[in-house]
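> sequence first, predicted coordinates after that:
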Amino acid sequence: MARQPVSLDLLRGDDLQIQPGRLILDPGNLRFHDLGSAVKNTRIEHYAEPSTQRHLRELLSDPRYKLESLVKSIRTNGFLEHERLIVAPFDGHHYLVLEGNRRLAAVLRVLEEGPGLFDAPVAPTLLALPCFVLRGPAIGTSERQLDQFRREADIYIGLRHLMGARSWQPASRYEFQKRLLDEGWTPEEVADKFGRDRAEVVRDLRAQILYRHFLKWEEDTGSEHSLTYNAFAEAARSPDVGRWLGWTDRGFKFKEAHRLPLFFRYLKERISATGSDEEDGEGSRSAEGAVRRLRDLLKLKDIDVTDSLELGDFNRAELLYEERKNGKLQQRVQQFSKALRSAPISDLESNPGGLEAALQELKVQIERVLRLITKE
């Protein structure tokens, strides 16, 4: 007989505003499974005990849950009315939070820190939180009733976490933040409103401005190669690239604007040389890899290398970089090795006698150098 499909009945319950002190965190919440914590085996009669609740709040402070960013957002914006908690009656006074444990923990942290740390309009939103209370008798010590409430809430919880809103990709995040900044927001205001660090906001802004400069350069030069945001995010993370382009937080601009076309040409030529914008095993074929290569060139702080970059002679800049980094002798040895690896069979067969003598002499010199290096 065919199996009946899972029912997607709407939750039966009521909307209520409930004081945070009457809400308790759920030891059976799936987040605690992530931590491999034995707390999920807590007996029901211990759920509401202060020691249990303190322990759960400590677990939710794990960095992977980013509780600090949520605390920062709630402290600035208050608790959003549409973000209802899904709760079940627990013991006649308390309600068990089946969905929204992280949000409750953040609210409790804000209240614990005191009203002096959040704006006056925030306070009323924290006095009572919007909750959807499942209908049914209080759980008390009944495992059966608890399981019933969990089954009722599972569909909603699954839809929220498996199919809910996803974080924006960098391009969307950069554009949104840039729109706010263009409207007059400060990086501090963006950070506070959305639970981010100012440094992250400025870094994203730097990448976005760099990307917009690239689009303008691409239009002016008729370039047909488009780069992804990833390359500009990589550049924004590099202090060396930022200094070379003259980034300043005062006015949020690149003071060395004449170097921007050099930067874009470097990326484009390095990718065009391989015909691919895909990452290879050495991490040098993609646009991100090219940015990291440029970062290494600049980090060397060699005047000949930077002068070559200024002149747009990128091949010379990289040759000088290898020479400075490895030393002339090592570079020559690498060139000899490369020449031998790529020697065609016809060359090997054309003068075997003379070639053999030359290779024997090279072998003698290699063994002499190796003895000096290893001090044997």
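Alright, I've got the coordinates.
> residue ranges in the stretch 51-200 of the chain under the pLDDT threshold?
Counting by pLDDT under 70, the stretch 51-200 of the chain contains low-confidence residues at 115-120, 155, 158-169.
> swap in 90 and give it another go.
Counting by pLDDT under 90, the stretch 51-200 of the chain contains low-confidence residues at 59-70, 72-84, 92, 112-125, 147-148, 150-200.
> which residue ranges form the strands in it?
Listed in chain order, the strands of the stretch 51-200 of the chain (DSSP state E, counting those that start in this stretch) span 85-89, 95-99, 129-134.
> which residue comes closest to Leu267 once chain neighbours are left out?
Nearest-residue entry for Leu267: Ala290, 5.0 Å, with adjacent residues in sequence omitted and distances by C-beta to C-beta, 6 or more residues apart in numbering. In this view, the C-beta of every residue, glycine as well, is placed from N, C-alpha and C.
> near the one you found, how many other residues are there?
When neighbours are counted by other C-beta atoms under 10 Å, Ala290 registers 27.
> would you turn the strands of the stretch 51-200 of the chain into a markdown table with distance to Ile157?
Putting the strands of the stretch 51-200 of the chain into a markdown table (distance: least, C-beta to C-beta, whole Å) gives the following:
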| stretch | distance to Ile157 |
| --- | --- |
| strand 85-89 | 7 |
| strand 95-99 | 5 |
| strand 129-134 | 12 |
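> quick one, which of the ones you listed gets closest to Leu319.
With respect to Leu319, and counting by C-beta to C-beta, the nearest of these is strand 95-99 at 60.1 Å.
> pull the CA atoms of the helix or strand harbouring Glu218 into PDB?
Applying DSSP states H and E as the criterion places Glu218 in helix 198-221. Once non-C-alpha atoms are left out, helix 198-221 reads as follows in PDB (Å, rounded to 0.1, in the frame of the first residue of the first chain):
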ATOM      1  CA  ARG A 198      33.100  48.500  11.200                       C
ATOM      2  CA  ALA A 199      36.200  47.000   9.700                       C
ATOM      3  CA  GLU A 200      34.100  44.500   7.800                       C
ATOM      4  CA  VAL A 201      31.800  47.300   6.500                       C
ATOM      5  CA  VAL A 202      34.800  49.400   5.300                       C
ATOM      6  CA  ARG A 203      36.500  46.400   3.700                       C
ATOM      7  CA  ASP A 204      33.300  45.600   1.800                       C
ATOM      8  CA  LEU A 205      33.100  49.200   0.800                       C
ATOM      9  CA  ARG A 206      36.700  49.200  -0.400                       C
ATOM     10  CA  ALA A 207      35.900  46.200  -2.600                       C
ATOM     11  CA  GLN A 208      32.700  47.700  -4.000                       C
ATOM     12  CA  ILE A 209      34.400  51.000  -4.900                       C
ATOM     13  CA  LEU A 210      37.300  49.100  -6.500                       C
ATOM     14  CA  TYR A 211      34.800  47.100  -8.500                       C
ATOM     15  CA  ARG A 212      32.900  50.200  -9.700                       C
ATOM     16  CA  HIS A 213      36.200  51.700 -10.800                       C
ATOM     17  CA  PHE A 214      36.900  48.500 -12.800                       C
ATOM     18  CA  LEU A 215      33.500  48.700 -14.500                       C
ATOM     19  CA  LYS A 216      34.300  52.200 -15.600                       C
ATOM     20  CA  TRP A 217      37.700  51.200 -16.800                       C
ATOM     21  CA  GLU A 218      36.200  48.300 -18.600                       C
ATOM     22  CA  GLU A 219      33.700  50.500 -20.400                       C
ATOM     23  CA  ASP A 220      36.400  53.100 -21.300                       C
ATOM     24  CA  THR A 221      38.800  50.600 -22.700                       C
END
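> does anything pack onto that helix? Which helices or strands?
Counting contacts by 3 or more C-beta pairs under 8 Å, 6 or more residues apart in numbering; DSSP states H and E, helix 198-221 packs against helix 170-182, helix 187-193, helix 229-236, strand 253-254, helix 260-272.
> for the record, mean pLDDT for the third one?
When pLDDT is averaged along helix 229-236, the result is 87.
> picking that back up, which of the strands of the stretch 51-200 of the chain sits closest to Asp154?
Between Asp154 and these, the shortest gap by C-beta to C-beta is with strand 95-99, which sits at 8.9 Å.
> show me the contact partners of the closest one.
Contacts made with strand 95-99 from outside it, assessed by C-beta atoms under 8 Å, 6 or more residues apart in numbering, are listed as 18, 22-26, 29, 47, 85-90, 104, 131, 133-134, 139, 146, 149-150, 153, 156-157, 160.
> and the helices and strands packed on helix 198-221, which is most packed in?
Neighbour counts averaged per stretch over those are highest for helix 229-236, at a mean of 23; criterion: mean count of other C-beta atoms under 10 Å.
> how far does that helix sit from its chain's centre?
Taking C-alpha atoms, centre = their mean, to the nearest Å, the mean C-alpha location of helix 229-236 is offset from the chain mean by 12 Å.
> what angle separates it from helix 198-221?
Helix 229-236 and helix 198-221 meet at an angle of 120 degrees, taking axes from the mean of the first three to the mean of the last three C-alpha atoms, to 10 degrees as the criterion.
> run the angle between helix 229-236 and helix 260-272 for me.
Using the same axes, to 10 degrees, helix 229-236 lies at 130 degrees relative to helix 260-272.
> for helix 229-236, packing partners?
Contacts defined by 3+ C-beta pairs under 8 Å, 6+ apart place helix 229-236 against helix 170-182, helix 198-221, helix 239-244, helix 287-299.
> no further queries at this time; thank you.
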